[in-house]
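Novice: just coords:
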Ligand SMILES: O=C(O)[C@@H](CO)OP(=O)(O)O
């Protein structure tokens, strides 16, 4: 008998309006651009063409992931499946960089500091102040977090808040034999990939997740991938889009 495997599909939201403007976004709740809406629909079409039909979807609390899930599932005729949402799948909180232009930030602080903030594992940007127009202070969706609500995060912080959700509710759905779709964000999905593939703190810096490209993982009962790194349903388009993410700010 072949060992039990389950299927997890990771989908980064389609291009957002702030992706197209090249702004650090984090927890700011911006919508998809028109291009991003098209990417989400195309992502759903790829799921359908590949016979990859989710039984349940997990999303963040941010509309670019929620809308992406809705559009993709509608295109795949799976708009009716149960939905679970959690702040633990939110994008990394980008602290005081939220709302700032990536190109200007690179010019102002230089390559080394820019990369440290953007892709180092354990250096968070400066915290955002409550007075900043892009702060999430007072946002009702995070009321339950109280003083635990982040004001900045590095990727290590995202791993810490995301891991219990991956090994809890997501693993439970997988263990029940469900095909699981996770619609989330560039950096929260980098945290998922790091945990699944056991990527080192240094190695994860080079991993970039493209928008709107479904990434399939078949996992054993210990959440170990059958194929390391998973499989993009459209590998060529995903590689080109991931390279574009890596080059943001240039
Ligand atoms: O701005 C952000 O929140 C993220 C994702 O768009 O950007 P980066 O890829 O620079 O971490």
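Specialist: Noted; the coordinates are in hand. Because the structure is predicted, anything quoted here is derived from the model rather than measured.

Novice: so which other helices or strands are in contact with whatever helix or strand residue 162 lives in?
Specialist: Using DSSP states H and E, residue 162 maps to helix 155-165. With contacts defined as 3 or more C-beta pairs under 8 Å, 6 or more residues apart in numbering; DSSP states H and E, helix 155-165 has these neighbours: helix 186-197. Just so you know, the C-beta spots here come from the backbone N, C-alpha and C atoms, and that holds for glycine as well.

Novice: hmm, back to that, the helix holding residue 162 to helix 186-197, inter-axis angle?
Specialist: Counting by axes from the mean of the first three to the mean of the last three C-alpha atoms, to 10 degrees, helix 155-165 lies at 60 degrees to helix 186-197.

Novice: after helix 155-165, which helix or strand is next? Please name it.
Specialist: Downstream of helix 155-165, the first helix or strand assigned by DSSP H and E is helix 171-175.

Novice: who touches that next one?
Specialist: 6, 7, 8, 55, 56, 58, 180, 219, 221, 223 (C-beta atoms under 8 Å, 6 or more residues apart in numbering).

Novice: by pLDDT, give me the weakest of these.
Specialist: Among those, residue 221 carries the lowest pLDDT, at 94.

Novice: next one: the most centrally placed residue in the chain relative to residue 46, how far apart?
Specialist: Geometric centre of the chain, nearest residue: residue 185, 2.0 Å, by C-alpha atoms, centre = their mean. Look at residue 185 and residue 46: by C-beta to C-beta, to the nearest Å, they are 19 Å apart.

Novice: now residue 150
Specialist: Using C-beta to C-beta, we find residue 150 at a distance of 33 Å from residue 46.

Novice: quick revisit: mind listing what's buried in the helix holding residue 162?
Specialist: Buried residues in helix 155-165, counting neighbours by 16 or more other C-beta atoms under 10 Å, are found at 155, 156, 157, 158, 159, 161, 162, 165.

Novice: test my guess that residue 241 contacts residue 234.
Specialist: No. In this structure residue 241 lies outside contact range of residue 234 using C-beta atoms under 8 Å: 9.3 Å.

Novice: show me the shaky parts of the chain.
Specialist: Within the chain, the stretches with pLDDT under 70 are 1-3.

Novice: would you map the strands across it?
Specialist: Under the criterion DSSP state E, strands of the chain are mapped to 6-12, 56-59, 83-85, 180-184, 215-219, 231-232.

Novice: list the buried residues of the fifth one.
Specialist: I take that to be strand 215-219. Within strand 215-219, the residues scored as buried using 16+ other C-beta under 10 Å are 215, 216, 217, 219.

Novice: packing partners for that strand?
Specialist: Under the contact definition 3+ C-beta pairs under 8 Å, 6+ apart, strand 215-219 sits against strand 6-12, helix 186-197, strand 231-232.

Novice: now what about the shortest one, what contacts it?
Specialist: Around strand 231-232, the neighbours that count as contacts under C-beta under 8 Å, 6+ apart are 210, 213, 214, 215, 216, 217, 238, 239.

Novice: spatially nearest residue to the fourth one (excluding sequence neighbours)?
Specialist: The reference is to residue 215. Of all residues not flanking residue 215 in the chain, residue 10 sits nearest, at 4.4 Å (C-beta to C-beta, 6 or more residues apart in numbering).

Novice: what about that neighbour, distance to residue 89?
Specialist: Taking C-beta to C-beta as the measure, residue 10 falls 10 Å from residue 89.

Novice: how about stretch 8-27 and the ligand, any contact?
Specialist: Yes. Stretch 8-27 comes into contact with the ligand (C-beta under 6 Å from any ligand atom), by way of 19, 24, 25, 26.
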